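1. Let's see this in three dimensions:
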Amino acid sequence: EDLCYLSWGRKWFYNTLDETVIVKHWWEEEPILHPWIERLIDNISNNKKKNSHWIHKSILFKLTHLNNVLVPALILYWSGWSGKGAFLTLLAKIFWEKNTQVWLGQKDLESSFDSYQGNKLIVEFKEVSSGNKFNDKKMLDRIKSFVWEPIINVRALHKDSREVDNIARFHLSSNHAVPIQLDSKHSGNRRFTIIKTGWELTKEVADLFWREALISDKIIKQYIAWLYETYPEVPKMNRFFALDNEEKKQLEESCEGAAN
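-> A predicted model of the protein is given here:
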């Protein structure tokens, strides 16, 4: 009948999601959290255990619930070279590069034609905040039209609008103090988890991470085995909720309008 992009596919549809490229056979490895992966997650979590546990769990939840769209978008912001890009590379190693789309930005959200057209598990928008609250509110509304929506309308150049499956987990990365213009805190902003990262990683640490952690499939499989052993409750969950932390409350306060 048509195309789909879903785990297990859909009857009479041709499935474009190739699950064989996603990391498998993790159970053959010893569960180990490699020190450089631990360092990366701790740094983008600003060394707050509440943040790092949420990030680890969110990876396992998406891995065990590929079709579940109710995964909050993760907003990582603050210092450059703190590991935001390396984290996306880690996800691309787990879910594979062909299922990952990064470096989308404001122009992709403002264009009449969609750069993101489905067929991805991990999608990143980078630096979507301009400092103009009116414009940034439009960026927020556009992003909200993707997050938690199982079916989205996309339009490519010289083509009609069409409906596609949307099972991506979304990420927003920024070096700005206000990475996105959130809704009023009374709305809850349930689609988003906000984490302020730590400071810039030293070149020595960054080089070791890239060389040792992200090249080795064995280390990635050990990490996944560690996730299963450390968070056995996650595969049984039906819903994964946004993190309610101090950074989110502070950002909501910063985004409040004078009327509120």
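2. contacts and neighbour counts: CA atoms only from here.
-> OK.
3. Look at residue 253 and tell me its secondary structure.
-> Secondary structure, DSSP: H, G, I helix; E, B strand; the rest coil: residue 253 is helix.
4. Please report how far the closest residue to it other than its chain neighbours lies from residue 192.
-> Leaving aside its chain neighbours, residue 253 sits nearest to residue 185 (7.3 Å; criterion: CA to CA, 6 or more residues apart in numbering). Distance of residue 185 to residue 192, given as CA to CA, to the nearest Å: 12 Å.
5. who has more neighbours, those two?
-> Comparing residue 185 with residue 192 by other CA atoms under 10 Å, the one with more neighbours is residue 192, at 23 against 17.
6. Now name the helix or strand holding the residue nearest to the spatial centre of the chain.
-> For the chain, the residue nearest the mean C-alpha position is residue 171 (3.5 Å; CA atoms, centre = their mean). Assigned by DSSP states H and E, residue 171 belongs to strand 169-174.
7. Can you name the next helix or strand after that strand?
-> As assigned by DSSP H and E, the chain's next helix or strand after strand 169-174 is strand 192-196.
8. which residues touch residue 223?
-> Residues near residue 223 by CA atoms under 8 Å, 6 or more residues apart in numbering: 31, 32, 33, 34.
9. In this structure, which helix is the longest?
-> For the chain, the helix with the greatest residue count under DSSP state H is helix 49-64.
10. Just the CA coordinates for that helix, please, in PDB.
-> Coordinates of each C-alpha in helix 49-64 appear next as PDB, following Å, rounded to 0.1, in the frame of the first residue of the first chain:
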ATOM      1  CA  LYS A  49      23.500  12.100  39.200                       C
ATOM      2  CA  LYS A  50      19.800  12.900  38.600                       C
ATOM      3  CA  ASN A  51      20.700  14.200  35.100                       C
ATOM      4  CA  SER A  52      23.000  11.400  34.200                       C
ATOM      5  CA  HIS A  53      20.600   8.600  35.300                       C
ATOM      6  CA  TRP A  54      17.900  10.200  33.200                       C
ATOM      7  CA  ILE A  55      20.200  10.200  30.100                       C
ATOM      8  CA  HIS A  56      21.300   6.600  30.600                       C
ATOM      9  CA  LYS A  57      17.700   5.500  31.000                       C
ATOM     10  CA  SER A  58      16.500   7.500  28.000                       C
ATOM     11  CA  ILE A  59      18.900   5.700  25.800                       C
ATOM     12  CA  LEU A  60      17.800   2.300  27.000                       C
ATOM     13  CA  PHE A  61      14.100   3.200  26.700                       C
ATOM     14  CA  LYS A  62      14.500   4.300  23.100                       C
ATOM     15  CA  LEU A  63      16.500   1.200  22.300                       C
ATOM     16  CA  THR A  64      13.800  -1.100  23.700                       C
END
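11. what's it in contact with?
-> Applying CA under 8 Å, 6+ apart, the set of residues contacting helix 49-64 is 41-42, 45, 68, 71, 91, 95, 169, 195, 224, 227-228, 231, 234-235, 237, 240, 243.
12. Equivalent analysis for stretch 175-183, please.
-> 75, 77-80, 127-129, 133, 136-137, 140, 173, 189, 251-252, 254-256.
13. Would you mark the buried spots in that stretch?
-> Within stretch 175-183, the residues scored as buried using 16 or more other CA atoms under 10 Å are 175, 176, 178, 179, 180, 181, 182, 183.
14. cool, stretch 231-251 as well?
-> In stretch 231-251, counting by 16+ other CA under 10 Å, buried: 234, 240, 242, 243, 244, 248, 251.
15. In helices only, show me the residues you listed.
-> Of the buried residues of stretch 231-251, the ones assigned to helices by DSSP H are 248, 251.
16. ok but residue 223 is inside a helix, no?
-> Yes - according to three-state DSSP, residue 223 belongs to a helix.
17. hey, where'd the strands end up in this structure?
-> Counting by DSSP state E, the chain has these strands, from start to end: 2-4, 13-15, 73-77, 100-104, 122-126, 151-154, 162-165, 169-174, 192-196.
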